[in-house]
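> need a 3D model of the following:
(2 chains)
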Amino acid sequence: MNDLELLRGLQSRHSLAFRYLVEHYQAKVYNTVLAIVQHPEEAEDVAQEVFIEVYESIDKFRGEAKVSSWIYRIATTKALEAYRKKKAQKRWGGFLSSLFGENNEIVHDPADFVHPGVVLENKERASVLFKAIDQLADKQKVAFTLHHVEGLSYQEITEVMELSLSAVESLMFRAKTNLKTLLRTYYISQ
Amino acid sequence: MKKMYNIDDEIERTLQSLEGIKPAEPKPFFYTRLQARMESEFEAKTGFRWRPAYAYAALALIITLNAVTIYKVTHRSSGGANAEQLVEEYGMNDLSGFDTN
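From the prediction side, this is the model:
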């Protein structure tokens, strides 16, 4: 089904069109979200929310971008929202428990995230890398994830993030620089 | 002897560790779970829930409407009387404007 047929089907609420869309994009959405939230169960929840949002906002989509770009945009937005929410909860959880004198709950880092698709001999290194990616600013995190986890080209990333090519190049450069700094700190402490 | 390792090398190798990464897939039957969630959210929002009784009622209504229509169509009064009524109603008995030769 090409983009135009798919859009028409979605706009007339054809359940087959929606099913096709879900089955065609579920891995892309899940993979993107997983890299950002770094938690499989949460990624599944967020991925569902992405498709619900697609379903509910199809009438607002005017076909000004590719369907895939639009979906990636919703996926990265929702993943970042979930990530921020969780971070805020952890922060408050830690604060409240110390306020009320419980055993000072150390707001611990997420358990080592292991991405299931990483090549076996790279799994440990990838875990370290994902911890560093976790610390990146939102836009750098999105650009880096879309390129290195999803394999999108810089051009495709411009369409998802609605940025110029030079802006994406700049984000990628800053992401790499910051990751190197974070990794240096990590390896020195080893 | 302490093992010396090149930190820059480690950093570079870690940065490359996503090479060849395959996409993660959600657990099987993702669509089924999505559908279930959408249905329950819809129920929660509208308080409406499909029940077998509703389906039977809708079916009964459609059948009844069809039966009434079929009855009306097959028991229409004769065409001749209707044609005369139409002529009267629409004043079609004045043919002066037409060349009836």
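> can you show me the helices along chain B?
Residue ranges of the helices in chain B, as given by DSSP state H, are B:7-15, B:30-46, B:52-74, B:79-89.
> most neighbours per residue, which of the ones you listed?
The highest mean neighbour count among those belongs to helix B:7-15 (a mean of 16), with neighbours defined as mean count of other Cβ atoms under 10 Å in any protein chain shown. Bear in mind the C-beta positions are built from the backbone N, C-alpha and C, glycine included.
> ok, residues contacting it?
Contact with helix B:7-15 is made by A:125-126, A:128-129, A:176, A:179-180, A:183-184, A:187-188, as judged by Cβ atoms under 8 Å, 6 or more residues apart in numbering or on different chains.
> could you do stretch A:174-188 as well?
With Cβ under 8 Å, 6+ apart as the contact definition, stretch A:174-188 has outside contacts at A:128-129, A:131-133, A:135-137, A:140-141, A:143-144, B:7, B:10-11, B:14-15.
> would you mind identifying the next helix or strand past the worst-scoring helix or strand of chain A on mean pLDDT?
Least confident helix or strand of chain A, by mean pLDDT, DSSP states H and E, is helix A:3-11 with a mean of 78. For helix A:3-11, the succeeding helix or strand toward the C-terminus, using DSSP states H and E, is helix A:15-37.
> do that following helix and chain B meet at all?
Yes - Helix A:15-37 lies in contact with chain B when judged by Cβ under 8 Å from any Cβ of the partner chain; the contacting residues are A:19, A:22-23, A:26-28, A:30-31, A:34.
> where does the prediction get shaky in chain B?
Within chain B, the set of residues satisfying pLDDT under 70 comprises B:1-4, B:77-81, B:100-101.
> which parts of it sit against chain A?
Taking Cβ under 8 Å from any Cβ as the criterion, the contact residues of chain B with chain A come out as B:7, B:10-11, B:13-15, B:17-27, B:30-31, B:33-34, B:37-38, B:41.
> ok, residue 82 - contacts?
Using chain A here. Taking Cβ under 8 Å, 6+ apart, we find A:A82 in contact with A:33, A:36-37, A:42, A:45-46.
> you answered for a different chain; I wanted chain B.
Neighbouring residues of B:N82 by Cβ under 8 Å, 6+ apart: B:R76.
> gap between it and chain A?
As defined by Cβ to the nearest Cβ, to the nearest Å, B:N82 lies at a distance of 41 Å from chain A.
> picking up where we left off before, so which of the contacts of A:A82 wins on neighbours?
Of all the contacts of A:A82, A:V33 has the most neighbours under the rule other Cβ atoms under 10 Å in any protein chain shown, reaching 30 neighbours.
> so what's that residue scoring on pLDDT?
At A:V33, the predicted lDDT confidence score is 98.
> distance of it from A:K141?
12 Å (Cβ to Cβ, to the nearest Å).
> same check, this time on B:T32
To A:K141, B:T32 is 31 Å away according to Cβ to Cβ.
> what does B:N6 give?
Relative to A:K141, and taking Cβ to Cβ, B:N6 is found at 27 Å.
> now swap in B:T64 and tell me
Using Cβ to Cβ, we find B:T64 at a distance of 61 Å from A:K141.
> what of A:E81?
For A:E81, the distance to A:K141 (Cβ to Cβ) stands at 13 Å.
> over to A:V54?
For A:V54, the distance to A:K141 (Cβ to Cβ) stands at 22 Å.
> around chain B, pick out the residues from chain A.
If contacts are counted using Cβ under 8 Å from any Cβ, the residues of chain A sitting beside chain B are A:19, A:22-23, A:26-28, A:30-31, A:34, A:40, A:43-44, A:47-48, A:51-52, A:55, A:115-119, A:122, A:125-126, A:128-129, A:148-150, A:176, A:179-180, A:183-184, A:187-188.
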